[in-house]
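Asker: based on what follows, work out the 3D shape:
(chains A and B)
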Amino acid sequence: AAGVIQSPRHLIKEKRETATLKCYPIPRHDTVYWYQQGPGQDPQFLISFYEKMQSDKGSIPDRFSAQQFSDYHSELNMSSLELGDSALYFCASSPLDRGPYNEQFFGPGTRLTVL
Amino acid sequence: LAKTTQPISMDSYEGQEVNITCSHNNIATNDYITWYQQFPSQGPRFIIQGYKTKVTNEVASLFIPADRKSSTLSLPRVSLSDTAVYYCLVGYADKLIFGTGTRLQVFP
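Answerer: Prediction:
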């Protein structure tokens, strides 16, 4: 079965650089979620999109932005990278927005390292 | 302040039942409670989801009291491969919040 695809899987950047993470949801899933997980920490919800519109917003820094495109893939844009941005970034997709049966299917994650 | 808390860690032996509780005092009225399993450097994997009372599937049960301020994941007979971190995920008014995670260690 098709799963959530994230690219790249690994990314190394230097401070103050920019990075773009991509997420391709499971076909026919129109909701996408982004999470950040630091070493030894629980995933922190960043932002979500439903039908190409921002749905919920969590602890996403102002330096980050995201969008969902017409084909439902999503991109997380990160600017002015800081050392503290080093983390695993997960994307998840769901066939529904908040509410019942909104099981989220997680991708393998992108490991971002900021040097 | 929305907060979702779990015990930091639990130890068990193969074949035993394990119960992990998550506290979520301000859960949104319409939101479900979902539990995930995560292995190192992998994305969380869905275990079970429920709204209230009891839900059971082929791998786990989920107990949710009437006030929905907590939930308990029950793993009936754990094996070594169940060693992982377990998270509850709860929706609040404007955001989704993962619990603090419970690291389950299963011993032979």
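Asker: contacts only, for residue A:19.
Answerer: By Cβ atoms under 8 Å, 6 or more residues apart in numbering or on different chains, the residues touching residue A:19 are A:11, A:13, A:77-78, A:81, A:112. In this view, the C-beta of every residue, glycine as well, is placed from N, C-alpha and C.
Asker: at 10 Å what do you get?
Answerer: Taking Cβ atoms under 10 Å, 6 or more residues apart in numbering or on different chains as the criterion, residue A:19 is in contact with A:8, A:11-13, A:64, A:76-79, A:81, A:85, A:89, A:110, A:112, A:114.
Asker: residue A:37 too?
Answerer: Neighbour list for residue A:37: A:43-44, A:87-90, A:109, A:111, B:38, B:41, B:43-44, B:98, B:101 [criterion: Cβ under 10 Å, 6+ apart].
Asker: residue B:83 too?
Answerer: B:11-12, B:39, B:103-107.
Asker: cool, residue B:86 as well?
Answerer: B:6-7, B:10, B:18, B:20, B:22, B:35-38, B:44, B:47, B:60, B:73, B:75, B:99, B:101-104.
Asker: quick one: secondary structure of it?
Answerer: Three-state assignment for residue B:86 (DSSP: H, G, I helix; E, B strand; the rest coil): strand.
Asker: ok, and of the contacts of residue B:83, which contact chain A?
Answerer: Restricting the contacts of residue B:83 to those touching chain A (Cβ under 10 Å from any Cβ of the partner chain) yields residue B:103.
Asker: pLDDT weak spots in chain B?
Answerer: B:1-2, B:93-94 (pLDDT under 70).
Asker: what does it put close to chain A?
Answerer: B:4, B:6, B:28, B:30-32, B:34, B:36, B:38, B:41-49, B:51, B:85, B:87-89, B:91-101, B:103.
Asker: just the buried members of those residues?
Answerer: In terms of neighbour count (16 or more other Cβ atoms under 10 Å in any protein chain shown), the buried residues within those are B:4, B:6, B:28, B:31-32, B:34, B:36, B:38, B:43-44, B:46-49, B:85, B:87-89, B:91-92, B:95-101, B:103.
Asker: restricted to helices, list these.
Answerer: Of these, none are assigned to helices by DSSP state H.
Asker: now residue A:84. Its backbone dihedrals?
Answerer: The phi/psi pair for residue A:84 (degrees, to the nearest 10) reads phi -70, psi -10.
Asker: what's the weakest-modelled helix or strand in chain A?
Answerer: For chain A, using mean pLDDT, DSSP states H and E, the weakest element among its helices and strands is strand A:53-57, scoring a mean of 88.
Asker: so how far is that one off the chain centroid?
Answerer: Centroid separation for strand A:53-57 versus its chain: 12 Å, with Cα atoms, centre = their mean, to the nearest Å.
Asker: and what of stretch B:64-84?
Answerer: Relative to where its chain is centred, stretch B:64-84 has its mean C-alpha point 5 Å off (Cα atoms, centre = their mean).
Asker: and if you look at stretch B:56-65?
Answerer: Put simply, stretch B:56-65 sits 10 Å off its chain's centre (Cα atoms, centre = their mean).
Asker: so which bits of it are buried?
Answerer: Going by neighbour count (16+ other Cβ under 10 Å), the buried part of stretch B:56-65 is B:60-64.
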